[in-house]
Each structure stands twice: as C-alpha cells, then as structure tokens.
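Undergrad: need coordinates for the below:
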Amino acid sequence: MSFTLGDYVDVPTRLQLALAKWPELRIQESTPVVVIFEGREWIQISTTVWRSPDDTLPAIASAWEPKGTTPYTRDSEMMNCSTSSLGRALGLMGIGVGKSIATSHEVQLRQENSNKNAQIIDFAPSKKEPQTHTPTGAFATPKQLGYIKKLAKDAGLDDLRLLELIQRTLNSDEAVLELLKSHEASKIIEELR
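TA: All right, here's what the predicted structure looks like:
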C-alpha cells in the first residue's frame, strides 16, 4: 500500500487548530514506558487532552516510537513519541482528520518500521533478569492488533464486520480495534479462532 504524506496533517497544525477551537485546552502525558519488540527498544507514551478544565470526556491516545533507528531520531525518541501521542489524541477529537487519525510523522515511521512482537519489561534494579509482564489496562500490542486483522481477513470479515464482532464480543458499542486493551485483544483473538 502506498502512502502520500500530503494526505496527513502534522501535529503542530492539529495543535493550532485545537487551540483556536478550545482556548482552554489542557494536555497531560503519561510516564513513558520502555517496550521491547523482538529485542528492539521502543518508547510508549499516552496523552490525555481536555477541551476545557471541566471537560468530562477527554481524548486519550497512545503512541510508540522506536529507539534510535536513524541519526535524526536517535536521542529524541521521547519527544517524537510525545508528539505522535498528542497528534493521535487531537485526531480522536476530530482535529486535522481527513483520511486518518494517523499523523504524517506516524505514516512515515510506519513505512520505516514493521510491527514486531511486544513485551513490557520491568526494569527494577536488581541482578536478576527483567520480569516480563503486561500491566492491567495496557493497550494491545501491535502484534495482537496485526494478528486480529489477519484472523479477520482469513475469516472473510471486512472492517465493518470486524468492528461489529469486537463490539459484540466486548459488549460495548464504543469498542474499536485501535483502542483495545491487551486483555480485550486476547478475547477477540479467541473469538476469531
């Protein structure tokens, strides 16, 4: 599939549009998490955006950034991930969304990197090997999402039918593939098998 970066809005433009629409806009990022994809380190950050101080339904989005893949991204992974996460949250609010919630930055990264197997690593100081775990509430890994898409394709499900299956399985009209938690993705995988 070929991508035209001109079809995607960059994050600074999304932020300018959002601030023009909601001058009291508030933004908060999560603590970054280090994620390992088949031996390669990535950074994950989630961002919450409120339209105003009394907004009861903020937009929440996450992004992943590979660690040091090019001379241009090395040592700036955290900033790149922060920017992507903010762009996705603003996209969920309908800001700068044309063909996709993805930003031009994310599309470019997607072209450079393939989805890999993810595991969260606990880097507690000790001489033991790091413990692998998936925290409660963690978002589905790219591997889980890719596997769901493969199973759905093998079952002859188009995007709409997959969405219906997800919502029926999780008993939620608001459930969407891109925002599944890891435990929810496991349920969908079991349903598709």
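Undergrad: quick one: average confidence on the longest helix seen in the chain?
TA: Across the chain, the longest stretch assigned as helix under DSSP state H is helix 77-92. Average pLDDT, helix 77-92: 86.
Undergrad: list the buried residues in that helix.
TA: For helix 77-92, burial by neighbour count (16 or more other CB atoms under 10 Å) applies to 77, 80-92. Placement of C-beta: from N, CA and C, glycine included.
Undergrad: then stretch 10-30?
TA: Buried residues in stretch 10-30, counted by 16+ other CB under 10 Å: Val11, Arg14, Leu15, Leu17, Ala18, Trp22, Leu25, Ile27.
Undergrad: hang on, the fourth one in a strand?
TA: No: in this structure, Leu17 is helix, not part of a strand, as judged by DSSP: H, G, I helix; E, B strand; the rest coil.
Undergrad: tell me who's in contact with it.
TA: Leu17 is in contact with Leu90, Ile95, Gly96, counting by CB atoms under 8 Å, 6 or more residues apart in numbering.
Undergrad: swap in the last one?
TA: When contacts are counted by CB under 8 Å, 6+ apart, Ile27 touches Thr47, Thr48, Val49, Trp50, Leu86, Ala89.
Undergrad: quickly check the residues you listed for the two that are furthest apart.
TA: Greatest spacing in the contacts of Ile27, by CB to CB: Trp50 and Leu86 (12.7 Å).
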